[in-house]
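> Provide a 3D model corresponding to the input given below.
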Amino acid sequence: MGVRNLNEFLNGVSILTILGSLAGFLPPFAALLAAGYYMIQIYESDTLKGWRARRRVGKLEKLKAKVAALEVTTVSVAKRPPSPTP
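Numbering: from 1, shown residues only. Model prediction:
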């Protein structure tokens, strides 16, 4: 049984668990476990991974811009001629 078959099997079991809980055959805790399983599946999906990666890249770009601005101000302060002493 490959990973894909196991995943499909667990998806089917989760659906039956939720339906059984809604029908009153299983305790609500079983539905919570199935919902937790689906939340993990969604979190590990390629779509969500792509969204998180793009967000991370955007944050890095903003951070690079801030660092560049700080470097410019640091260089301009360092190149300023010394003030005459009275």
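> can you give me the helices in this structure?
Taking DSSP state H to define them, one finds helices in the chain at 3-23, 28-43, 46-79.
> the inter-axis angle of the second one versus helix 46-79?
Going back to what we said before, that points to helix 28-43. Interaxial angle, helix 28-43 versus helix 46-79 (axes from the mean of the first three to the mean of the last three CA atoms, to 10 degrees): 60 degrees.
> buried set for helix 28-43?
Neighbour-count burial for helix 28-43, counted by 16 or more other CB atoms under 10 Å, picks out 30, 31, 34, 37. (Glycine included, C-beta is placed from N, CA and C.)
> distance of the first one from residue 36?
Same thing as residue 30. Separation of residue 30 from residue 36 (CB to CB, to the nearest Å) stands at 11 Å.
> quick one, what contacts residue 27?
Taking CB atoms under 8 Å, 6 or more residues apart in numbering as the definition of contact, the neighbours of residue 27 are residue 21.
> How is the chain divided into domains?
1-44, 47-78 (automatic domain parsing).
> okay, the residue sitting nearest the centre point of the chain: pLDDT?
Nearest to the geometric centre of the chain sits residue 52, at 4.5 Å (CA atoms, centre = their mean). Taken from the predicted model, the pLDDT recorded for residue 52 is 90.
> again, but for the one 10 residues further on
The confidence metric pLDDT takes the value 94 at residue 62.
> right, and residue 14 touches residue 38 too?
Yes. Taking contacts as CB atoms under 8 Å, residue 14 lies within contact range of residue 38: 6.3 Å.
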